[in-house]
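Q: this is a predicted model, with the sequence first.
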Amino acid sequence: MGVIEAHAVSKRYRGTLALDRLELDIAPGEVYGYLGPNGAGKTTTIRLMLGLHRPTSGTIRIGGRDAWSEPVAAHRDCAYVASEAILWPALTGAETFEYLEHLRGGCDRVYRESLIARFDFDPDKKVRALSKGNRQKVQLIAAFATRAEILILDEPTSGLDPLMEAAFRETVGEARARGQTVFLSSHVLSEVEALCDRIGILRAGRLIDEGTLAQLRHLSARTVEVNFAEPDVDLAAVGALAGVEVAELADHHAVLQVRGPMGPLLSALTRLPVTTIDSREPSLEEIFLVHYHGGPDTGSARPRTGDPELPGVPR
């Protein structure tokens, strides 16, 4: 049984479909990346997980409990980081940590102090004086210091500089090592690529692909760069191979896009005056763009420009 489960979850706002039959099954100890552009339904998913909105149909279970009908039990061992930190402006960072610890009933204080040092955070400053990035640090430190079994993170590195993003990645790695489950919704594709065991891609409210990075690569082409001893080599036989496209040919250099096994291509290249071959797997960004710019749509999701802008319903 998954720690986070969604079964046939749909959500409508005034007739507009924001989520369409979402299925999730996230295992204990997994770091799961959740990708999609603004309006895809990521924030709606998180609000349903937190029990803030009720699904129109289907169920979401957190730790085996229904997120809507059993909110206290479902969220007893969860910690949440929002994309925008809304804190008490008159409190210092230290006072905020103490108040959140009191509300929760405890935290790992030793670990919290190490996180304060890692994130280079001054806990004596008033929240009202903190930058966006430093307010985000308050959330991150408080959430990870709980040692909660389930961490739900919505754009957690928003406002952080690159050094602090590295600190965040280290902290997620520690959470994984402890067996904590992390649900990470992020626009930072390199972050998701580096951290996540599995990735789900959301489009127009539907989960259109899901898997490990290796599994997701099946939809995207591998880039193969070839250098030749002679200029303007005839690549007609190469271009005729199934799954091979000659994307560029100039002088002694060619760029090929390859979908499928490399064997037939390598066999064809042995008959040409090749000097070097360099092959590169598609990045997560390239995989993501396949889904949004003319690539296969495994979920048959209908295109739309974004979630509805409704009063009281943040995007």
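A: In hand now; what should we look at?

Q: all contacts plus neighbour counts: C-alpha atoms, from now on.
A: Noted.

Q: do you know how far the residue lying closest to Arg169 once chain neighbours are set aside is from Arg217?
A: With sequence-adjacent residues excluded and distances taken as Cα to Cα, 6 or more residues apart in numbering, Arg169 is closest to Leu195, at 7.0 Å. Note on Leu195: its distance to Arg217, by Cα to Cα, to the nearest Å, is 17 Å.

Q: circling back to that earlier point, correct me, but the residue nearest to Arg169 touches Val31?
A: Yes - here Leu195 reaches Val31: they are 7.0 Å apart, a contact under Cα atoms under 8 Å.

Q: quick one, which of those two is more surrounded?
A: Neighbour tally, Leu195 and Val31, criterion other Cα atoms under 10 Å: the higher count belongs to Val31, 25 against 20.

Q: please tell me how far the more buried one sits from Gln180.
A: Distance, Val31 to Gln180, using Cα to Cα: 8 Å.

Q: contact partners for the residue nearest to Pro282 when sequence neighbours are not counted?
A: Spatially, and ignoring its direct neighbours in sequence, Pro282 is nearest to Arg222 (5.6 Å; Cα to Cα, 6+ apart). The neighbourhood of Arg222, defined by Cα atoms under 8 Å, 6 or more residues apart in numbering, consists of Gln257, Val258, Arg259, Ser279, Arg280, Glu281, Pro282.

Q: before we move on, what about His53?
A: By Cα under 8 Å, 6+ apart, the neighbours of His53 are Arg47, Trp68.

Q: Ser83: how many residues sit nearby?
A: The burial count for Ser83: 18, using other Cα under 10 Å.

Q: three-state assignment of Leu163?
A: Using DSSP: H, G, I helix; E, B strand; the rest coil, the structure places Leu163 in helix.

Q: okay, now it: neighbour count?
A: 11.

Q: pull up the gap between it and Thr270, please.
A: 46 Å.
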